Every structure is written in C-alpha cells, then in structure tokens.
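> Fold the following, please.
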Amino acid sequence: MNFKNLKHKLFFKLLTNWYIIILLVFLSWMLFFDENSYLVHRELNDDIEGLENQKKYYLSEIKEDKSLIEKLNTNQELERFARETYFMKKANEDIYLIEFDTIKK
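Presented below is the predicted three-dimensional model:
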C-alpha cells in the first residue's frame, strides 16, 4: 500500500467520524457564534483596557486638582490664580493684556 494513499484514507476516516464532526461544529459555534464567544471576549477585554486607561487619567487629574486646591488655600495664591486665569482685578486697577505676534514675516 502506498503511504500517500494510507494518509488520505486516515484523513477521510477522521473527517467522517461523527464524534469529530460534532466536536468541530461545537468548537466553531463556541468560538464564533455564541454570545460568549472568543470575539465578544476580545472586544470586552479591549473595552476594559480602555476604561482602565481612563481611570488612570482621571486619577492623575484628581491628584493634580487636589494639589491645586491645597495650593489655593492661602489668599495670596487664590488672588494670583484669579488674576492669571480669569483676568480679575481690583477696583482701582487697569489690566493690559500683551499678546506677542508669533507669525514671522
């Protein structure tokens, strides 16, 4: 008997085995078509990773805001912040905003 012919017979025998057919159908169903499939799990894991990155970002923003609040506890720092950020002034002051031309001629 030829080795190539024997290989084809074995392959054909495995593919026509009912247990193998049912196993292949079951695995393909679980991997691709089920609502808890591998594709759905991969998408959910990507969403979790994105949310964890957002969490890290917002925790760092909270840390920066807390340090800013601690810094603004004194009246002098609060006045400086209001002047620089919101252009507030005292009653007898004039404020001049100087803008530099960044376009080279």
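> Apart from its chain neighbours, what residue comes closest to Met30?
What sits nearest to Met30 in space, not counting adjacent residues and going by C-beta to C-beta, 6 or more residues apart in numbering, is Ser37, at 6.7 Å. C-beta coordinates here come from the backbone N, C-alpha and C atoms, glycine included.
> For Leu44, see how far away Glu35 is.
Relative to Leu44, Glu35 is positioned 11 Å away (C-beta to C-beta, to the nearest Å).
> Tell me which of these two has more neighbours.
Just comparing Glu35 and Leu44: by other C-beta atoms under 10 Å the higher neighbour count belongs to Leu44, 11 against 5.
> What pLDDT is listed against the more buried one?
Model confidence at Leu44, given as pLDDT, is 93.
> unless I'm mixing things up, Ile95 is touching Phe87, no?
Yes: look at Ile95 against Phe87 with C-beta atoms under 8 Å: they come within range, at 6.1 Å.
> longest helix of the protein?
helix 38-71 (DSSP state H).
> now that helix: how far from the chain's centre is it?
Relative to its parent chain, helix 38-71 has a centroid offset of 8 Å by C-alpha atoms, centre = their mean, to the nearest Å.
> could you point out which element follows it?
helix 75-86 (DSSP states H and E).
> In terms of helix, strand or coil, where does Ser28 fall?
Assigned with DSSP: H, G, I helix; E, B strand; the rest coil, Ser28 falls in the helix class.
> and His8, how many neighbours?
Neighbour count of His8, defined by other C-beta under 10 Å: 11.
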